[in-house]
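> Sequence first, predicted coordinates after that:
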Amino acid sequence: MFASFKLAGLLVAVGAALVITGPAGAQQPYVQLSGAACATPPILHCPDKDCPSDRVINQGQAVEMKTRRTYFLDYPCDLRHDEPVTFVLSLHGAGSYGNWQRHYFPIMDYRDKYRLVIATPNSPTRVWSEADDEYLQNIVTSIVDQIGSRNIRAFWLAGHSQGGMTSNRLVRTEFFKNKVDGWLSLSGGRLGGSPGRGDFGAIGASLPGPGARGAAPGSATSPTSTTSASTAGAGGRATAPGFAAAMAALREPPAADFSFIFETGEREMDDKGLTPTSDWASKYSCGTRGAPKEVVDTKAGYVYDSTRQNPPVPAWGLLPRPGRAEVYVYPNCQNGRVVADVVRLEKGHTEGLEPNVTEALVSLMLSARGGKISQSPATAGR
């Protein structure tokens, strides 16, 4: 009798376990990446304006297990196993933070609609350097391993200001050059000819380092770059021996094969604006750039640099507000590549992107050829 009661108790316990966890070996319907909680709306999302400073500087909910550094990881909460996704590594500018970058370029708001997985890391020095490469590589490797290389339909780098310059460097490295399908430069330098620099006034004069007066922050010809976090304080620029030589090397076009989209504020450029041609477009035998498509936003972006508003410097960036943008596309590029320029009219360097122009950029990214990771071993270049 006692043995029967013990057996009955064991069966009840096993049954309860099956209710909680499901049959042994059963796969859960949705993916949880890197143990990072997924929520709707995305975690630590800023309100429409006046994002609290402690939220802006938060370092993220995901942990890169080898370096033990954190980062933000945004993905659809209903992401299924074997579902194709577009993977984006989004890099903040110098002096900034990952969560500021998430709201400066808020593609997390489109993660569900376009099936995006977005990793937004943080540099502890707030300036990206080669010391961060292992951390960034580990993030990419971890995400690819969890999703499966065959399910990465495209892999993009997106970087604001010095984050764009860092993207320019990364696409030349062994690890990234055979994985990256596209680079979105958010005021981070233009391949194929950068525009002249707008009037940054006292901000430009105060920036140390060679070439501070020569190009807009984050351009491919500028050796230094700063991006401040809203209400979190402005970051300083950093220079080091050999820095100018390293930046000079980035002026040469990379040998890698990828799509390229350049986005900038109109006030970051001089009166000449964008050049109507692009050497990168010529590389892929694209057609002549056509008339721009206008994108209109009635809603403002989330963030800005509150430390540089007294006095305001339009080239650096004013308060968030609605706006218009012009999208220029070089058509019929070879190999399914996309080459495009996007100019946000009457905007500067640090005004967060509005929703419609953000979605327009995502649409351009998704229209380009992908598949580098899915068509080659995920471990290549490690």
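The structure has been received and is ready for your questions.
> C-alpha from now on. contacts and neighbour counts both.
Will do.
> what's next to stretch 354-367, contact-wise?
Residues outside stretch 354-367 that contact it (Cα atoms under 8 Å, 6 or more residues apart in numbering): 86, 105-107, 110, 154, 156, 182, 261, 295-297, 299-302, 322-323, 325, 338.
> ok, and the closest non-adjacent residue to residue 80?
Nearest residue to residue 80 in three dimensions, chain neighbours excluded: residue 30, at 4.7 Å (Cα to Cα, 6 or more residues apart in numbering).
> now the strands: where do they sit in the stretch 1-150 of the chain?
Per DSSP state E, counting those that start in this stretch, the stretch 1-150 of the chain carries strands over the ranges 62-64, 69-74, 85-91, 116-121.
> so which of the ones you listed gets nearest residue 375?
Nearest of those to residue 375, taken as Cα to Cα: strand 85-91 at 14.3 Å.
> Tell me which of the strands of the stretch 1-150 of the chain sits nearest to residue 195.
strand 85-91 (21.9 Å).
> counting contacts, what elements does the closest one pack onto?
helix 98-104, strand 116-121, strand 152-160, helix 162-170 (3 or more Cα pairs under 8 Å, 6 or more residues apart in numbering; DSSP states H and E).
> ok, back up a step: so the residue nearest to residue 80 versus residue 178, what's the distance?
29 Å (Cα to Cα, to the nearest Å).
> Quick check on those two: which one has the bigger neighbour count.
More crowded of residue 30 and residue 178, by other Cα atoms under 10 Å: residue 178, with 18 against 12.
> ok, and the closest non-adjacent residue to that one?
Among residues not flanking residue 178 along the chain, residue 372 sits closest, at 6.7 Å (Cα to Cα, 6+ apart).
> repeat for residue 329
Residue 329 sits nearest to residue 340 (Cα to Cα, 6+ apart), 4.4 Å away.
> what about that neighbour, which helix or strand?
For residue 340, the host element (DSSP states H and E) is strand 339-344.
> Enumerate every residue touching residue 73.
36, 60, 61, 62, 117, 118, 119, 120.
> Is it bridged to anything, and to what?
Per DSSP bridges, the residues bridged to residue 73 are residue 119.
> so how far is residue 279 from it?
34 Å.
> Can you mark which positions in stretch 252-266 are buried?
254, 257, 258, 259, 260, 261, 262, 263, 264, 265, 266 (16 or more other Cα atoms under 10 Å).
> go on, stretch 132-152?
132, 135-136, 138-144, 147-152.
> just how off-centre is that stretch within its chain?
15 Å (Cα atoms, centre = their mean, to the nearest Å).
> now do stretch 165-185
Worked out by Cα atoms, centre = their mean, stretch 165-185 lies 12 Å from the chain centre.
> how long is that stretch from one end to the other?
Note: stretch 165-185 ends 8 Å apart using Cα to Cα.
> average pLDDT for it?
In this model, stretch 165-185 carries a mean pLDDT of 97.
> List the contacts of it.
Contacts of stretch 165-185 (Cα under 8 Å, 6+ apart): 91, 128-129, 137, 154-161, 164, 188-189, 218-220, 250, 254-263, 365, 368-373, 380-382.
> Select only the buried ones of those in ChimeraX?
Entered in ChimeraX, the line below selects the buried ones among the contacts of stretch 165-185, by 16+ other Cα under 10 Å:
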select :91,128,154,155,156,157,158,159,160,161,164,188,189,218,219,220,250,254,257,258,259,260,261,262,263,365,368,369,370,371,372,373
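> Now, the contacts of stretch 165-185 that are in helices?
Counting by DSSP state H, these place 137, 164, 250, 365 in helices.
> one step back: mind checking pLDDT for the residue nearest to residue 80?
88.
> wait, it sits on residue 81?
Yes. Using Cα atoms under 8 Å, residue 30 makes contact with residue 81 at a distance of 6.6 Å.
> coming back round to it: of all the strands of the stretch 1-150 of the chain, which lies closest to residue 46?
Of these, nearest to residue 46 by Cα to Cα is strand 69-74, at 13.8 Å.
> send the alpha carbons of the closest one over as CSV?
The C-alpha trace of strand 69-74 is given here as CSV (Å, rounded to 0.1, in the frame of the first residue of the first chain):
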residue,chain,number,x,y,z
ARG,A,69,29.9,43.0,-21.1
THR,A,70,26.2,43.8,-21.7
TYR,A,71,24.3,45.1,-24.7
PHE,A,72,20.8,45.6,-25.9
LEU,A,73,19.1,42.9,-27.9
ASP,A,74,15.8,43.6,-29.6
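> quick one: contacts for residue 343?
263, 264, 265, 266, 325, 326, 327.
> Looking at those, which are in strands?
263, 264, 265, 325, 326, 327 (DSSP state E).
> quick one: the residue most central in space within the chain from residue 274, how far?
By Cα atoms, centre = their mean, the chain has its centre lying nearest to residue 90, at 2.1 Å. Look at residue 90 and residue 274: by Cα to Cα, they are 24 Å apart.
> For residue 314, list the residues it contacts.
Per Cα under 8 Å, 6+ apart, neighbours of residue 314: 200, 267, 347, 348.
> Need the three-state assignment for it.
coil (DSSP: H, G, I helix; E, B strand; the rest coil).
> rewinding a little: right, and the helices and strands packed on strand 85-91 - which one's nearest residue 56?
helix 98-104 (5.3 Å).
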